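Trainee: 3D model of this:
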Amino acid sequence: MGKEIAEVGTVKIADDVVARIAALAALEVDGVSAMAGNYTSEILEKVSRKNLSKGAKVVVVNGEVKVDLSLMMSYGFNIPATCQQAQTRVKGSIENMTGLTVTDVNIRIAGITMPEA
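Mentor: Just a heads-up that it's a prediction; the model follows:
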């Protein structure tokens, strides 16, 4: 006999929470230097976490998520390979943390971060 789980209410996850998960997951990928803007990931980590979802747009409908990310890439990284890693990481993080299904992770490269001289 399996245990029955009693329904005690509902859980709603704000789109902004999902956007922050997406942004943090994308920033974990080597070659992604920042969300859209002029901030490096190191500076973003020091700044308030409110800014993280700036380059992430999320639409959640009926338990399905569509994510649009605007990213800054580090110079010298393969853009298609890095974007594929970011898409996989974002999809996995959102699905594991929220239980929602990610249908799309669209990435726009907003610019390249040049190394400091």
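
Trainee: residue boundaries of the helices in this protein?
Mentor: With DSSP state H, the ranges of helices along the chain come out as 15-27, 41-46, 79-98.

Trainee: can you tell me what sits against the longest one?
Mentor: The one in question is helix 79-98. Outside helix 79-98, the residues within contact range by Cβ atoms under 8 Å, 6 or more residues apart in numbering are 13, 17-18, 21-22, 24-26, 28-32, 65, 67, 69, 71, 73, 100-102, 105, 107, 109. C-betas here are computed from N, CA, C, even on glycine.

Trainee: drop anything exposed from the residues you listed.
Mentor: For these, a neighbour count by 16 or more other Cβ atoms under 10 Å gives the buried set as 13, 17-18, 21-22, 24-26, 29, 31-32, 65, 67, 69, 71, 73, 100, 102, 105, 107.

Trainee: circling back: could I get the helices of the chain as a markdown table with mean pLDDT and distance to residue 60?
Mentor: A markdown table is the format used below for the helices of the chain (pLDDT from 0 to 100; distance: least, Cβ to Cβ, whole Å):
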| stretch | mean pLDDT | distance to residue 60 |
| --- | --- | --- |
| helix 15-27 | 93 | 6 |
| helix 41-46 | 47 | 24 |
| helix 79-98 | 97 | 9 |
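
Trainee: which of those helices sits most buried?
Mentor: A comparison of these by mean neighbour count, using mean count of other Cβ atoms under 10 Å, puts helix 15-27 on top with a mean of 22.

Trainee: which helices and strands does that helix pack with?
Mentor: Helices and strands touching helix 15-27, by 3 or more Cβ pairs under 8 Å, 6 or more residues apart in numbering; DSSP states H and E, are strand 32-35, strand 56-61, strand 64-74, helix 79-98.
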